[in-house]
Structure formats: structure tokens, C-alpha cells
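Visitor: Sharing a model prediction with you, sequence too.
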Amino acid sequence: LAKTTQPISMDSYEGQEVNITCSHNNIATNDYITWYQQFPSQGPRFIIQGYKTKVTNEVASLFIPADRKSSTLSLPRVSLSDTAVYYCLVGDNWDGQNFVFGPGTRLSVLP
Amino acid sequence: GAVVSQHPSWVICKSGTSVKIECRSLDFQATTMFWYRQFPKQSLMLMATSNEGSKATYEQGVEKDKFLINHASLTLSTLTVTSAHPEDSSFYICSARIRDFYEQYFGPGTRLTVT
């Protein structure tokens, strides 16, 4: 199981770009990296997933270096509604079921 | 698309009783469903994985006789907390996957309070 490490909390201001880094030194060859967003008393919501290099969708980008021992979620121009907990998940997305959620990063976006 | 519902959204029960939580995939067939537990200010902890028609696989430290999981169809999984105690009070979240697709689709969660 890949154990992950994230900053416990981050503060940002509206309109800024936010980068949250997750460390996963023991990532396995078959493991993918997935980021989720969670608001209080709600289930997590998928943000983005990647295996290597860079992935971009309409809400975020995910940067993964060649050694895959870390990954960075980039949120462009955050707004107040982006205040949430962000989780880095590393695991085998096939029939292997041992997903390990990281501790999460509590992002606070200030006006 | 890919909506997962849970019922009930919150439940209060007395110590020693059992409570059942349902997880449904509304618009897709879920070959695999996961059950998580989340305590306040903490991360999600995977409790068990269930594949349709098979017995659930429980994570280490999770009592399978206490947390009964049934995945009888491709759209429904249930978690029954038997003989609940106050320490079982938590936020229970299910998720579902379609075979060969990467994403987990999470339900909204169920808040269980045992008095």
C-alpha cells in the first residue's frame, strides 16, 4: 500500500492558482493517482486522475514527475466555493481493492 | 450520469440495535462497491469491498460479523451495522465502480448516531 503525505491545510485568495502536492514514495507500478474533493457531510467528488506526466481537464491539472513519487494538483483561479478538503488517493484501480486515502488537505479560499 | 445514492442520509439508533444502510447506483451497473467510514476531521477509511454476487472482502481490523455487507445486485449494496454501539457513530460512505473503469462514484454518505 502506498502511503501518502499531504499538507494538512492551505490558505489562498480568490483568483489565485493553488498547487497541492502529495508525496507517495512507495507507489507501485500499477498504481494510479486520483484526487478527490470533499465538502462537509458529503461524499468525495472525483477531480482528476493520472499515471504519469501531465493530465488536464476542465477543472484542474495534475502534474506527475518521472519518478512518480509525488504529484501536484493545480487548481487555477480558485473561488470561495473551492474551499474543501482535497484527498490524494493512490492505488490499483483494477480488481485490486486496497485504495488508501491520504490525510487530506483542507483548503480555505479567502475573499 | 453515474449517480450513487444512499439511504438513509442520517439515522439515530439505540445501542444494541441494528441498522441497515443502502447504497444504490442509479444509472449504471456497479460491479464493485466500496464502503468507507469517516470520523470527524479524519480521512476516509476503507472498510470493505464487495463484488456483485460474491462475499465482501473486509479490511484488516473491520469485524465482518458486525458490519454485514450484501451486494445482491449490480445496483444495490447494503451495509448492516449489527448490535450498534456509540463508538460505531460515524459517517458511512459508499462508492461504486464499473468494471474496467477507473473512477469511483461516491454516494452522499449516511450519518449514523448511536445513543
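Guide: Here it is on my side, so go on.
Visitor: count of residues packed around the closest residue to residue A:106 other than its chain neighbours?
Guide: Once flanking residues are discounted, residue A:106 sits nearest to residue A:9: 4.4 Å by C-beta to C-beta, 6 or more residues apart in numbering or on different chains. C-beta here means a position set from N, CA and C on the backbone, and glycine is covered the same way. Residue A:9 has 11 neighbours, counted by other C-beta atoms under 10 Å in any protein chain shown.
Visitor: With residue B:58 instead?
Guide: Quick note: residue B:58 (other C-beta under 10 Å) scores 19 neighbours.
Visitor: same question, residue B:51
Guide: 18.
Visitor: now do residue A:60
Guide: For residue A:60, using other C-beta under 10 Å, the count is 19.
Visitor: Can you name the element that comes right after the lowest-mean-pLDDT helix or strand in chain A?
Guide: Here the helix or strand of chain A ranked lowest by mean pLDDT, DSSP states H and E is strand A:100-101, holding a mean of 73. Moving toward the C-terminus from strand A:100-101, the next helix or strand (DSSP states H and E) is strand A:105-110.
Visitor: got the residues of chain B near chain A?
Guide: B:4, B:6, B:32, B:34, B:36, B:43-46, B:49, B:57, B:59, B:91, B:93, B:95, B:100, B:102-109, B:111 (C-beta under 8 Å from any C-beta of the partner chain).
Visitor: Now restrict those to buried residues only.
Guide: B:4, B:6, B:32, B:34, B:36, B:43-46, B:49, B:59, B:91, B:93, B:95, B:104-107, B:109 (16 or more other C-beta atoms under 10 Å in any protein chain shown).
Visitor: which residues does residue 71 contact?
Guide: Picking chain A for this. Neighbouring residues of residue A:71 by C-beta atoms under 8 Å, 6 or more residues apart in numbering or on different chains: A:21, A:22, A:24, A:33, A:35, A:50, A:62, A:63, A:64, A:88.
Visitor: Please refer instead to chain B.
Guide: Counting by C-beta under 8 Å, 6+ apart, the residues that residue B:71 touches are B:33, B:50, B:51, B:52, B:53, B:54, B:56, B:77.
Visitor: Wait, the last one touches residue B:33, no?
Guide: Yes: Residue B:77 is within contact range of residue B:33, at 4.1 Å (criterion: C-beta atoms under 8 Å).
Visitor: mind listing the strands for the chain?
Guide: No chain was given, so I picked chain A. In chain A, the segments counted as strands under DSSP state E are A:9-13, A:18-23, A:31-38, A:45-50, A:53-56, A:61-64, A:70-75, A:84-92, A:100-101, A:105-110.
Visitor: try again with chain B
Guide: Under the criterion DSSP E, chain B carries strands at the ranges B:4-7, B:10-13, B:19-25, B:32-38, B:45-51, B:57-58, B:67-73, B:76-81, B:90-97, B:105-106, B:110-114.
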